[in-house]
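In: Make a model of this:
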Amino acid sequence: MEIKKYTLKGYTPNPEKPLTKAHVDGLNPAQVQAVTTTEGPVLVIAGAGSGKTKTLVHRVAHLIDKGVSPSSILLMTFTRKSAQNMLRRASLVGDRRSEAVVGGTFHSFANTILRQEGHRLGYRDGFGILDKSDAEELIAGVRADMGAQKSDKRFPQKGTLADIFGKHVNMGQSIDHIVGREYPQFSEFSDKIYRIFEAYRATKHRLNVLDYDDLLTELQRLLMTESEICLRLRQRFAYVMVDEYQDTNALQADIVERLVGPGGNIMVVGDDAQSIYAFRGADIRNMTGFHERFPDAVRITLSENYRSYQPILNLTNAVIARSRETFDKELFTSRSGGSLPVFVDMSDVYMQSAFVVQRIQELHEDGIPLSEMAVLFRSGFHSNDVELALYAAGLPFQKFGGFKFIESAHVKDVMAFLRLLQNPSDSVSWNRVLMMFEGLGQKTASDIAIQLVAAFQPATSMMPESDEDRIYAVFFRFASRRFGTALLALATRMSTWGKIENPGVVLAELLVYFRPIFEKRYDDTKRREPDFDTLMHLAAKHADVSTFVSELLIDPPQLSHVGAEAGGESDLLTLSTIHSAKGLEWKVVFILSLVDGYLPSFQAMGDMRQLEEERRLLYVAMTRASEQLYLLKPNVEAGWGQRVPGMMMSRPSRFLMEALLENSGLLERWSLTPETEMLSPDFIDIEAASDPFEISERGDRSKPKRYGF
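Out: So this is what the prediction gives:
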């Protein structure tokens, strides 16, 4: 019997369909333009606090309401949480169809595509993913195999090699160039470093594993070499949006261009003035040079700020106006009122700490929660004295930059078992698991791992067919050893776990098996145990072990319970590096050590591009404050790694002084008046000292406000 064909047409976009009231509610004219300009390339320059997320949310809802199929919209972000939040909000603006939009990080998107098409690049089903520490261990093994550790002269360690390889991949720069610029002491080893990189790459392919960088490079290679797949993806994702575009590297920008193709519908959103991750490979030129890739791009600037009072914005505008690399824009707000930012000069870091603690206590007594206040700094060690003062005052705080969840040893232990279920030829995970058995040393673990990897190579025709039988066959060779019984028991367990699809069930059984090992390996089990609850919660959200493992490695939770300092408090002051504070906001912000040599750092001196990034760092820090901003400048002593150890640095940050050349009335100055003798013996009365802001003939010479301790 002949089967009649029926063509399912799907959604037909209607570009003439007007915006609904829900789509324009609360949007300013620039945001409306960004929402409604849906065809062709669009560059949205979104100033700090200008509502870029809201704009993206409304644009998604508008596209779907026009008739665009949700599955043909791709929303790329830098965290999975950000994408999920946007799509949830879009469903509230429009309807639940927004939840079908494809959203996620570059790495998660790459993982999804490579799971489907990786065989075209020679990868076997179920390839594993190496996290940072696992990649370094594999590099260390390759380094040792090539005899680098026997060099007469010092050879770069595994972490340095991983950093060089990452920059080589993400920045598209040669290893020779990276070594010469950042590690000149290793220049004579450039050729050997490159050979180790090639051997590392070959080893990963043999073990059927990828590191984070490989996810992007292999997606790029797929798009470059498989034109049919590239075309299919362009047809599937008719509308592409990229958030935080200023944080993309050259590799990510190339992937975006290939996904979209000539004349495609691409919108990138970001703030060039907040491009502060060059050390990770982020390239501000992806934004400033967007028109070179897409000559017909429409440029839209979001300048209305919904976070800060105008006095704070006036100072941030003045700081960024002297940037040589950013687009011209002037942030403004419709919020009335607000106080001037406060500049406080002081004799040393002890006085800086005393001021921070006292002012926070006063603001807290006035009703501002600790959670609405933050202390920001350029580098982690800049907060050491403040932390001691906060401890002494009994003020609870959290410091951004603790242990990452996925990097905690006990979590890595459990993940090693799960990764072996996903990819049994993962030698890094085998080594970690085998070292858990009593009486099994490093050499034997390495020998067993080598045999297990060999058992899973495609050319191994004499081995049993199933994964479980191959593992058992290798373990049986060691049955007579003191750990032999435990190995065979593990093989049996893995055979059972491998038949279970539900990752929550697998994890529950695995944790029962792991409990005795866990209690022997760790003394602080009570502090670590809550992380297993987190793992169980995350496992429940996935359909299979492979997806659970891959997505957890690509986009893990930030903090482990081992790294928490909060002690159960809910109202916590935040201490954070400026890099970690990006994207966050508080009512009150203190910026520590605004001294030339600290911000900008000594390392940036003499390099204009690095100096410009330091300027953007200060801009990011200042725009985190909504109501009150305190800029603190103690005299600080240079430490090791800076130009002249022991040298006293007392010049305010050049970025601040440059901003005040045009208008010295952008801030209010406070001097500190101690009621009793301070801890520091060399306290200097700020009014008796030389004026750090005597920088123009028409500068503001009014006396600073006195602040008593």
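In: So what touches stretch 434-446?
Out: Applying CB atoms under 8 Å, 6 or more residues apart in numbering, the contact partners of stretch 434-446 are 413, 430-431, 448-449, 478, 481-483, 486-487, 517, 521. No exception for glycine: its C-beta is placed from N, CA and C like everyone else's.
In: Report the separation between Met622 and Ser69.
Out: According to CB to CB, to the nearest Å, Met622 and Ser69 sit 42 Å apart.
In: which one of the contacts of stretch 434-446 has the most neighbours?
Out: Among the contacts of stretch 434-446, the one with the most neighbours (other CB atoms under 10 Å) is Trp430, at 25 neighbours.
In: Which residue comes closest to it once chain neighbours are left out?
Out: Excluding the flanking residues, the one nearest Trp430 by CB to CB, 6 or more residues apart in numbering is Ala449, at 4.0 Å.
In: Name the nearest residue to the residue sitting nearest the centre point of the chain, sequence neighbours excluded.
Out: For the chain, the residue sitting closest to the mean C-alpha position, by CA atoms, centre = their mean, is Phe78 at 7.1 Å. Once flanking residues are discounted, Phe78 sits nearest to Glu244: 5.1 Å by CB to CB, 6+ apart.
In: which ones are touching that neighbour?
Out: Contacts of Glu244 by CB under 8 Å, 6+ apart are Thr77, Phe78, Val269, Gly270.
In: Let me know the pLDDT of the nearest residue to Arg335 once chain neighbours are set aside.
Out: Spatial nearest neighbour of Arg335, chain neighbours left out: Tyr309 (5.7 Å); criterion: CB to CB, 6+ apart. Note for Tyr309: predicted pLDDT of 94.
In: residue contacts, Tyr309?
Out: By CB under 8 Å, 6+ apart, the residues touching Tyr309 are Thr333, Arg335, Gly337, Gly338, Ser339, Ser626, Glu627.
In: any idea how far the residue nearest to Glu662 when sequence neighbours are not counted is from Glu228?
Out: Nearest non-adjacent residue to Glu662, counting by CB to CB, 6+ apart: Ala318, 6.6 Å away. Applying CB to CB, the value for Ala318 to Glu228 is 53 Å.
In: of these two, who's got more company?
Out: For Ala318 and Glu228, the more surrounded residue by other CB under 10 Å is Ala318, and the numbers stand at 20 against 8.
In: so that one sits right up against Ser664, yeah?
Out: No: when contacts are counted by CB atoms under 8 Å, Ala318 is not listed as touching Ser664 (10.3 Å).
In: quick one, phi psi at the residue nearest to Asn28 when sequence neighbours are not counted?
Out: Setting aside the residues directly before and after it, Asn28 is nearest to Glu304 in space (CB to CB, 6+ apart), at 5.2 Å. With angles defined as degrees, to the nearest 10, Glu304 sits at phi -80, psi 120.
In: Quick check, Glu304 in contact with Ser50.
Out: Yes: at 6.0 Å, Glu304 and Ser50 qualify as touching, with contact defined as CB under 8 Å.
In: Mutual contacts of these two, please.
Out: The contact sets of Glu304 and Ser50 overlap at Leu331 (CB under 8 Å, 6+ apart).
In: So for those two, which residue has more residues nearby?
Out: Ser50 (26 against 17).
In: Just the pLDDT for that one.
Out: pLDDT, read off for Ser50, is 91.
In: residues contacting it?
Out: Leu302, Ser303, Glu304, Asn305, Tyr306, Leu331.
In: Quick check: the residue nearest to Trp430 touching Asp426?
Out: No: assessed by CB under 8 Å, Ala449 is found out of contact with Asp426, at 9.1 Å.
In: who touches the longest strand seen in the chain?
Out: Taking DSSP state E as the criterion, the chain has its longest strand at strand 625-634. For strand 625-634, the external contacting residues (CB under 8 Å, 6+ apart) are 307-309, 312, 315, 338-339, 341-349, 351-352, 355-356, 359, 363, 585-595, 622, 652-653, 656, 667, 692.
In: do stretch 608-619 as well
Out: So stretch 608-619 is contacted by 48, 273-276, 278, 284, 316, 319-320, 322-326, 378, 578-579, 591, 594, 599-601, 603-605, 653, 655-656 (CB under 8 Å, 6+ apart).
In: At which residues are the strands of the stretch 101-250 of the chain located?
Out: Along the stretch 101-250 of the chain, counting by DSSP state E, counting those that start in this stretch, strands occupy 102-105, 128-130, 209-211, 239-242.
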